[in-house]
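[1] let me see the structure of the following:
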Amino acid sequence: MKTITVLGGSGFVGSSMVARLDQARYCVKVLTRRREKAKHLILLPHVNVVECDINDQAALKAALAGSDAVINLIGILHQTRDNGFEKMHHQLPRRLAQLCVELGIPRLLHMSALQASASAPSEYLRSKAAGEQAVMEYSKKLQVSIFRPSVIFGTHDQFVNLFAKLIRFIPVLALAMPQAKFQPIWVEDVAAAFVNALPSSSTFGKVYELGGPAIMTLQHIIELVMATMGIHRPIMGLSRNLSLLQGTFMQYMPIKLLSRDNIKSMMVDNVCQQPLANELCVLPTDMGAVISGYLVQNNPRGAYDHFRAAAGRAINARR
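    Numbers count the residues shown, from 1 in each chain. Below you'll find the predicted structure:
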């Protein structure tokens, strides 16, 4: 078994990816600042959780030593005083690539973002593009693959679940950029793309766009969530200027839900310019088929049906 070191392995996407790597019988090393955050991974048989401050170059180098491949999933949507886009999306990937070369680690898989570009309207997307460029500068010395997903959904996401909470408690939704386009992709499909690409030489030096089977506006996504939950709320779509105003106001709130930079990211259609590559061996999953499973508790009738089915299974099991 080869040793794969994952940065960001305790997060939403990372947890699915680490579980899939474990199932594939790789030895997986998950780097995390606090071991407590990755306790759900500790019991996996081939997973080792290591506390490491990735901003400490010496500590990061020691943690990476002995790896056969590195997967970088680190990304932030909101900047803080300690962790900004430049530091986390550009400088960290550059440092990782440098360390892989120094340590003789041949393989590096890097998570970027769809529509990353030096000319993008948001600092988030520009920093992601800078990170891609930094990694690709080492593509002659490393076996590099870069992935650009659209918005990612799944059981523990902060996208669909956030809107589900708002729908439950807010009578009218003031929706920023309602016509912004996305191509939502299931977290398990993203994880599969990475793991399938890991040993494949045909993926070396390539950049892959990851999107689901459907292109949807943000309003369409919200309407799908409401239909799944069985709750209807009026949607008040905001113009671009009002959306920017809402983002400016919300970025100063104690809990960061939205920022002006997020709004600027949505000014570019978050859709793929190319189909999902055949060599990744992934058939993308429909969003509606997945979210009905994890939004069921937000739907009173759905929760009732769920408990009734569970009770029926228990009775049948006793028989």
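[2] where in the stretch 1-150 of the chain is pLDDT low?
    Low-confidence segments of the stretch 1-150 of the chain, defined by pLDDT under 70: 1.
[3] quick one: the strands in it, in order.
    Remark: strands assigned in the stretch 1-150 of the chain by DSSP state E, counting those that start in this stretch are 3-7, 27-32, 47-51, 69-72, 107-111, 143-149.
[4] helices along the protein, start to end?
    Counting by DSSP state H, the chain has these helices, from start to end: 12-23, 57-64, 85, 92-103, 123-136, 160-169, 187-197, 218-229, 240-250, 260-265, 287-294, 300-318.
[5] would you list the strands of the stretch 1-150 of the chain in a markdown table and tack on mean neighbour count and distance to residue 81?
    For every residue, glycine as well, the C-beta is placed using N, CA and C. Formatted as a markdown table, these follow (neighbours: other C-beta atoms under 10 Å; distance: least, C-beta to C-beta, whole Å):
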| stretch | mean neighbour count | distance to residue 81 |
| --- | --- | --- |
| strand 3-7 | 25 | 21 |
| strand 27-32 | 24 | 21 |
| strand 47-51 | 17 | 23 |
| strand 69-72 | 24 | 23 |
| strand 107-111 | 24 | 24 |
| strand 143-149 | 23 | 28 |
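[6] for the ones you listed, give me CSV that also has distance to residue 239.
    Shown next, in CSV, are the strands of the stretch 1-150 of the chain (distance: least, C-beta to C-beta, whole Å):
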stretch, distance to residue 239
strand 3-7, 39
strand 27-32, 41
strand 47-51, 46
strand 69-72, 37
strand 107-111, 32
strand 143-149, 28
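[7] for the closest residue in space to residue 157 that isn't next to it in sequence, give me its contacts.
    Distances taken as C-beta to C-beta, 6 or more residues apart in numbering place residue 12 nearest to residue 157, at 5.9 Å, with adjacent residues excluded. The contact partners of residue 12, by C-beta atoms under 8 Å, 6 or more residues apart in numbering, come to 152, 154, 156, 157, 158, 187.
[8] phi first, then psi, for the third one.
    Looking back up the chat, that one is residue 156. For residue 156, the backbone dihedrals (degrees, to the nearest 10) come out as phi -110, psi 30.
[9] what of the second one?
    Comment: the main-chain dihedrals of residue 154 come out as phi 170, psi 180, following degrees, to the nearest 10.
[10] residues near it, how many?
    Using other C-beta atoms under 10 Å, residue 154 is surrounded by 23 other residues.
[11] which residue sits closest to it in space, ignoring its chain neighbours?
    residue 187 is the one closest to residue 154 (C-beta to C-beta, 6+ apart), at 3.3 Å.
[12] ok, that neighbour touching residue 153?
    Yes: Residue 187 is within contact range of residue 153, at 6.8 Å (criterion: C-beta atoms under 8 Å).
[13] residue 88: what's it in contact with?
    Here residue 88 is in contact with 74, 75, 76, 127 (C-beta under 8 Å, 6+ apart).
[14] please pick the buried ones from the contacts of residue 12.
    Among those, those buried by neighbour count (16 or more other C-beta atoms under 10 Å) are 152, 154, 157, 187.
[15] how about the contacts made by residue 92?
    Here residue 92 is in contact with 54, 72, 74, 131 (C-beta under 8 Å, 6+ apart).
[16] which of those has the most neighbours?
    Most neighbours among the contacts of residue 92, by other C-beta under 10 Å: residue 131, with 30 neighbours.
[17] was I right about that one contacting residue 112?
    Yes: Residue 131 lies in contact with residue 112 (C-beta under 8 Å); the separation is 6.4 Å.
[18] pLDDT value on residue 256, please?
    pLDDT recorded at residue 256 is 82.
[19] what is the burial count for it?
    By other C-beta under 10 Å, neighbour count at residue 256 equals 15.
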